[in-house]
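J.: model the structure of this input:
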Amino acid sequence: MVHVTTPQPNGTPVWIDLGIPDLEKAMAFYGAVLGWTFEVGPAEVGHYTMCLLDGKRVAALAPNADQGATDFWWNMYFATDDCDGTAKRIADAGGAVVQEPMDIPEQGRLALATDPTGAQFGLWQAYSFAGAEIVNEPNSLLRNDLVTPTPGPARAFYAAVFDFTLDADPKTPELDFTFLRRPDGHEIGGILGEPAAATSRWGTLFLVNDADDAAAAAIAAGGTAADPADFIYGRLAEVKDPFGTVFSVGSAPKTA
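T.: As a prediction, this is how the structure comes out:
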């Protein structure tokens, strides 16, 4: 269990948000699956809505301004202590800055970018808001992993931008999986090479008390879910919300 109150080291995933076409439907779904409550923001900030767990901010929802959009995903933000400097490193390493650094008054400074494989991510330089206030606790963010058909350029890019070290996973030799670690050795996620992947995208995994219960709740709330299955690191299920947003839920493996 981690309660976060201070800015995190560079390269740490610190925030996630999701733009969707129907805010009320999204709140009903994520409230049912993850037990979140919500604090709807004012119209002048696009009704940017905080998702709360025990009153603490863990994610955000926002109406998607693109009414023709059909592809939705949780956007992940990396911590940085220099948003402008990291944006330059992104461009120098072959990525693209799609939203130039901008201040969110009193809260922080953000930018949006894509890596050379096309995966989008954000940067967050904290002022008064450090990011998700609860992580690694049931119904909060556990980890983010990049799934891409071209892992080589992705590995080189993130190592160059955030000084990550790259380590293969000896426990899953059948997978092309690389751990990403900050310079202090802390694992922040990984890169999975998947030749069949249609696009490159950062995935989002929420820790839950019971993956089977969460998958059932997702189906009952209007989403879909694959059958949960035990994996070496836990019991996982891939879920889609009512808009087709893909994410995963995970819990401890089932015991005999």
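J.: rest of the way, CA atoms for contacts and neighbours
T.: Noted.
J.: which regions of the stretch 151-256 of the chain sit below the pLDDT cut-off?
T.: Applying pLDDT under 70 to the stretch 151-256 of the chain flags residues 255-256.
J.: helices of that one, start to end?
T.: 151-162, 211-220 (DSSP state H, counting those that start in this stretch).
J.: including distance to residue 192 and mean neighbour count, could the ones you listed go into CSV?
T.: Formatted as CSV, the helices of the stretch 151-256 of the chain follow (distance: least, C-alpha to C-alpha, whole Å; neighbours: other C-alpha atoms under 10 Å):
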stretch, distance to residue 192, mean neighbour count
helix 151-162, 7, 19
helix 211-220, 22, 20
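J.: okay, those helices in a markdown table with distance to residue 64 next?
T.: Shown next, in a markdown table, are the helices of the stretch 151-256 of the chain (distance: least, C-alpha to C-alpha, whole Å):
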| stretch | distance to residue 64 |
| --- | --- |
| helix 151-162 | 27 |
| helix 211-220 | 21 |
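J.: residue 58 is nearest to which of the ones you listed?
T.: Nearest to residue 58 among those is helix 211-220 (17.5 Å), distances taken as C-alpha to C-alpha.
J.: could you check how far the closest one is from the centre of its chain?
T.: 20 Å (C-alpha atoms, centre = their mean, to the nearest Å).
J.: how long is stretch 126-145 from one end to the other?
T.: One end of stretch 126-145 to the other measures 22 Å (C-alpha to C-alpha, to the nearest Å).
J.: now do it: distance to the chain's middle.
T.: Worked out by C-alpha atoms, centre = their mean, stretch 126-145 lies 9 Å from the chain centre.
J.: show me the shaky parts of the stretch 1-150 of the chain.
T.: 1, 65, 67-68.
J.: of the helices of the stretch 151-256 of the chain, which is nearest residue 47?
T.: That would be, of the helices of the stretch 151-256 of the chain and by C-alpha to C-alpha, helix 211-220, which comes in at 24.0 Å.
J.: what does that closest one contact?
T.: 29, 32-34, 208, 224-228, 235-237, 239-241, 249-251 (C-alpha atoms under 8 Å, 6 or more residues apart in numbering).
J.: which of those are buried, as a PyMOL select command?
T.: Command for PyMOL that selects the buried part of the contacts of helix 211-220, burial taken from 16 or more other C-alpha atoms under 10 Å:
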select buried, resi 29+32+33+34+208+224+225+228+235+236+237+239+240+241+249+250+251
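J.: do you have the helices of the stretch 1-150 of the chain handy? List them.
T.: Under DSSP H, counting those that start in this stretch, the stretch 1-150 of the chain gives helices at 23-34, 83-92.
J.: dump the shortest one to PDB, restricted to CA.
T.: To tie it back to what came earlier, the one meant is helix 83-92. Taking Å, rounded to 0.1, in the frame of the first residue of the first chain, the C-alpha atoms of helix 83-92 are listed here in PDB:
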ATOM      1  CA  CYS A  83       8.800  19.200 -18.200                       C
ATOM      2  CA  ASP A  84      10.400  21.400 -20.900                       C
ATOM      3  CA  GLY A  85      13.700  19.700 -20.700                       C
ATOM      4  CA  THR A  86      12.100  16.200 -20.900                       C
ATOM      5  CA  ALA A  87      10.000  17.300 -23.900                       C
ATOM      6  CA  LYS A  88      13.300  18.300 -25.600                       C
ATOM      7  CA  ARG A  89      14.800  14.900 -24.800                       C
ATOM      8  CA  ILE A  90      11.700  13.200 -26.300                       C
ATOM      9  CA  ALA A  91      12.200  15.100 -29.600                       C
ATOM     10  CA  ASP A  92      15.900  14.400 -29.600                       C
END
